[in-house]
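S.K.: Quick one: sequence and predicted model below, then my questions.
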Amino acid sequence: MKRKWLAIALSMALAVGMLSGCGEDKETKPADNAQQTEEKKDEPAEEPAEEPAEESVDLLEDGGGKVLNIYCWNEEFKERFEQYYPDYKDGKVGDVEVKFIQNVNEGSNYQDKLDEALGKQESAAADDKVDLFMAEADYIAKYSSAAADVAVDVKALGLTDDDMSNMYDYTKQVATDENGVLKGVSWQACPAGMIYRRSMAKKYFGTDDPAAIQEQVADWDKFEQACKTIKEKSKGKDFMMAGPNDMHRIYTNNDSTKFVDGDTLTFTPGSEQWVDNTKKFCDEGYVLSPTMGLWSEDWNKNMGKDGHVFAFFGPAWFISFTMSAASGATANDDGTYTHKDGKDSYGDWALCQGPQSFNWGGTWIMAAKGTDNAALIKDIMLKMTCDQDILYNISKDKQDYVNGKAACDKLSADGVTAPFLGDQDMIGTLKAAAENISMTNLTIYDQACIENSENDFGDFFSGKSSKEDCLKKWQDDVLKKFPNLTV
């Protein structure tokens, strides 16, 4: 039966119910008159309501597995696991061998390989079964859904609400299925901001102070004026952003509607704003190249010392994985970087919120149904996502924004700073945004909708095609992948 889960996920739009965690405020009205007030004084005080007991869940029995197979697409979790999980040593946890099965996350390659393995889970030999797998925000709904039935309830592993009380609510919302069952946990949160070059800020705005630069870009009108300032003062040599897709996530993350509701595909209001504003920014010369894509060689090059781009937009993982590597600094074996004075841009950056707060991405740890390592998986999840000391050290060493409120508070209180950002308090800068993240509009279709947007509107930004033609291409490309949808 489990082999059918992918077909189900791709042939119908799943109604993924997210837990909002927000209650309606109720106004307390005063007594109608003095007599009522006096009567209430004589009444015995009400006992405070008891907290509802945590719902009991049958715990999954451990199968005594001797191999732990972890599916992932890059080194991110592998590095953190090997460095911070206290019981890992020389490829093993105790007598259990740990294997990372890594498939690059290009197009749907990682998902395809993971889907194939999960589809064989029931018939696979014990040592070949998927035990843990990683999932990104853009497609986690596909794997957490009840219809897919491929991931284990984390409470069936033994995690409790108290264990997870320091996590940001949205990180639990996105991994919760339509029946309210939590299927995955994350060590990171991904509030994002505008990462700007300090040397350019001093040249064009007279200061590199994050609060002062935030004033320059506090809303979209001010942001546009800042774009104009950079263009005029640099005489067209420097640009606010590298390519048309750099700010895409800001718009889509703040969308009020879903890409797919029921079985209807919609180009969302946020997507419309992104297309219209980005076209204007390209035409006005505020974008280095209307054809420059994310992750391209030229895009990365402009994060280095001789780059001509003022700002990039992203969360902590974007800083630690993408910008640090592209800055020209020397990468060390432990995942840190060494600044080469005068030869890289490491430290010549700072962070502010930008015109609109947003979040981007995130990696969730999910236990595969059929695993024979339930006890070990529980311990991994507990230590890697709930232990505040471990999370503290991950953030301090890796410049990661971690999914632990107590750890984040201590990082700020201890004055832990980010070297890449010129020793700025990154955690303190992003903390307010982290508390307010909501991802209730997530669907299983988001990755395809977002990636096809970035591919299909390039000809409009460069003036080769009309907006209408590009929109039609986007619809056709998404429908080709999901023929169950209509427009």
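M.R.: That came through, no problem.

S.K.: Do you have the strands of the stretch 151-300 of the chain handy? List them.
M.R.: Ranges of strands within the stretch 151-300 of the chain are 184-185, 191-197, 260-261, 264-265, based on DSSP state E, counting those that start in this stretch.

S.K.: quick one: which of those strands is nearest residue 111?
M.R.: Among the strands of the stretch 151-300 of the chain, strand 184-185 comes nearest to residue 111, with 14.8 Å by CB to CB. Glycine gets a C-beta too; all of them are placed from N, C-alpha and C.

S.K.: what pairs with the closest one, and is each one parallel or antiparallel?
M.R.: strand 363-367 (antiparallel) (DSSP bridges).

S.K.: Can you identify the element that follows the partner strand toward the C-terminus?
M.R.: helix 374-385 (DSSP states H and E).

S.K.: Report the buried residues of that next one.
M.R.: 374, 375, 376, 377, 378, 379, 380, 381, 382, 383, 384, 385 (16 or more other CB atoms under 10 Å).

S.K.: got a list of what the last one touches?
M.R.: When you say that, I think you mean residue 385. 164, 167, 185, 186, 187, 365, 391, 403, 404 (CB atoms under 8 Å, 6 or more residues apart in numbering).

S.K.: which one among the residues you listed gets closest to residue 469?
M.R.: Nearest to residue 469 among these, counting by CB to CB, is residue 186 at 39.1 Å.

S.K.: Isn't that closest one up against residue 171?
M.R.: Yes - using CB atoms under 8 Å, residue 186 is in contact with residue 171, at 5.0 Å.

S.K.: where do the contact lists of these two overlap?
M.R.: 362, 364, 403.

S.K.: among the residues you listed, who's most crowded?
M.R.: residue 403 (28 neighbours; other CB atoms under 10 Å).

S.K.: Contacts only, for that one.
M.R.: Here residue 403 is in contact with 166, 167, 168, 171, 185, 186, 187, 188, 189, 385, 391 (criterion: CB under 8 Å, 6+ apart).

S.K.: Run the chain-centre distance for the helix or strand hosting the last one.
M.R.: Using DSSP H and E, residue 391 sits in helix 388-398. Between the mean C-alpha location of helix 388-398 and the chain-wide mean there is a distance of 18 Å, by CA atoms, centre = their mean, to the nearest Å.

S.K.: I'd like to know which elements that helix is packed against.
M.R.: Applying 3 or more CB pairs under 8 Å, 6 or more residues apart in numbering; DSSP states H and E, one finds that helix 388-398 contacts helix 76-84, helix 374-385, helix 405-413.

S.K.: Give me the contacts around that helix.
M.R.: Applying CB under 8 Å, 6+ apart, the contact partners of helix 388-398 are 79-80, 83-84, 86, 166, 187, 320, 334-336, 383-385, 400-404, 406-408, 410-411, 416, 427.

S.K.: Which among those residues count as buried?
M.R.: Buried, going by 16+ other CB under 10 Å: 80, 84, 166, 187, 320, 335, 383-385, 400-404, 407-408, 410-411, 416, 427, out of those.

S.K.: okay, how far is it across stretch 238-258, tip to tip?
M.R.: One end of stretch 238-258 to the other measures 36 Å (CA to CA, to the nearest Å).

S.K.: Now do stretch 276-294, average pLDDT.
M.R.: Stretch 276-294 shows a mean pLDDT of 97 in the predicted model.

S.K.: So which bits of that stretch are buried?
M.R.: By neighbour count on 16+ other CB under 10 Å, the buried set for stretch 276-294 is 277-279, 281-282, 286-294.

S.K.: Read off the pLDDT value for residue 52.
M.R.: As predicted, residue 52 sits at a pLDDT of 51.

S.K.: Likewise for residue 11?
M.R.: For residue 11, pLDDT reads 39.

S.K.: Next: residue 256.
M.R.: At residue 256, the pLDDT value in this model is 87.

S.K.: what about the residue nearest to it when sequence neighbours are not counted, how many neighbours?
M.R.: Among residues not flanking residue 256 along the chain, residue 269 sits closest, at 6.5 Å (CB to CB, 6 or more residues apart in numbering). When neighbours are counted by other CB under 10 Å, residue 269 registers 14.

S.K.: now do residue 452
M.R.: 18.

S.K.: Residue 392 versus residue 413, what's the distance?
M.R.: Applying CB to CB, to the nearest Å, the value for residue 413 to residue 392 is 11 Å.

S.K.: who's residue 368 bridged to?
M.R.: The bridge-partner assignment for residue 368, based on DSSP bridges, gives residue 151.

S.K.: Any figure for the gap between it and residue 374?
M.R.: The gap separating residue 368 from residue 374 is 11 Å, by CB to CB.

S.K.: Overlap of the contact sets of these two?
M.R.: The contact lists of residue 368 and residue 374 share residue 152, where a contact means CB under 8 Å, 6+ apart.

S.K.: secondary structure class for the most centrally placed residue in the chain?
M.R.: Centroid-nearest residue in the chain, with CA atoms, centre = their mean: residue 361, separated by 2.2 Å. Following DSSP: H, G, I helix; E, B strand; the rest coil, we place residue 361 in the coil state.

S.K.: ok, it - contacts?
M.R.: Neighbour list for residue 361: 136, 137, 138, 190, 315, 317 [criterion: CB under 8 Å, 6+ apart].

S.K.: Repeat that for residue 436.
M.R.: Taking CB under 8 Å, 6+ apart as the test, what residue 436 contacts is residue 357.
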